[in-house]
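K.L.:
Fold the stuff below for me.
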Amino acid sequence: MVNMTDIDCVFCRIATNKSDLIWESTFLYAIFDQNPVNPGHALIIPKRHVVCLEDLTTEEWNEYKTAISDVVKIIEKTDLLKIYSNMLESASTGTTKWFLNKALNSQFLNTKPDAYNHGVNNGRAAGRTVDHLHWQVIPRYKGDVEDPRGGVRFVVPEMGNYKISR
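P.N.:
Coordinates of the predicted model:
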């Protein structure tokens, strides 16, 4: 197993806390996003400190296919009410509490997604806020936005920037 970490990186620290992981393999792990765009929003993250897609090894890149498939299955069978309620109890910021409450009050909570958006903000100019690669798996539901056309161009307009104070 690769174990190169950056002590200041939140995702490197999370990788060592097995209780937060929803899936794990040799090179990757997955968690539910603490600022979910939609119920079930998950992140798949390299264990090794990797910043950009181009920095992935062949083994890490190849493992993403299995990770994506497995994480979608986990999203579809997880009791998100329980997960988000537990996350809310330990949430440390008002912004995270806002996102978790939106998920907890969503009409789509604990329903099977109709589709998924997948994405990587590969660089600061692309919107990345944590300098450690993370593949986003965002469940989509019929009716979650008025017009979903454009997909990853602006997945859910109100939820696009979690850095905005609410």
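K.L.:
Can you give the contact residues for the host helix or strand of Lys65?
P.N.:
Per DSSP states H and E, Lys65 falls inside helix 58-77. If you take CB atoms under 8 Å, 6 or more residues apart in numbering as the criterion, helix 58-77 is touched by 2, 22-23, 25-28, 30, 40, 42, 44, 46, 48, 50, 112-113, 116, 118, 135, 137, 139. Heads up, the C-betas are built off the backbone N, CA and C, glycines and all.
K.L.:
What residues sit buried inside the helix or strand immediately after that helix in the chain?
P.N.:
Using DSSP H and E, the helix or strand that follows helix 58-77 in sequence is helix 80-90. The neighbour-count check on helix 80-90 (16 or more other CB atoms under 10 Å) flags Leu80, Ile83, Tyr84, Met87, Leu88 as buried.
K.L.:
now do stretch 125-145
P.N.:
Going by 16+ other CB under 10 Å, stretch 125-145 has these buried residues: 128, 131-141, 144-145.
K.L.:
Export these as a markdown table, with columns for pLDDT and distance to Pro36.
P.N.:
Below are the buried residues of stretch 125-145 laid out as a markdown table (pLDDT from 0 to 100; distance: CB to CB, whole Å):
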| residue | pLDDT | distance to Pro36 |
| --- | --- | --- |
| Arg128 | 92 | 18 |
| Asp131 | 96 | 21 |
| His132 | 97 | 19 |
| Leu133 | 97 | 19 |
| His134 | 98 | 14 |
| Trp135 | 98 | 15 |
| Gln136 | 96 | 10 |
| Val137 | 98 | 11 |
| Ile138 | 96 | 8 |
| Pro139 | 97 | 9 |
| Arg140 | 96 | 12 |
| Tyr141 | 97 | 13 |
| Asp144 | 94 | 12 |
| Val145 | 87 | 15 |
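K.L.:
Filter those residues down to the ones in helices?
P.N.:
Secondary structure defined by DSSP state H assigns none of the buried residues of stretch 125-145 to helices.
K.L.:
Which of those fall within strands?
P.N.:
Trp135, Gln136, Val137, Ile138, Pro139, Arg140 (DSSP state E).
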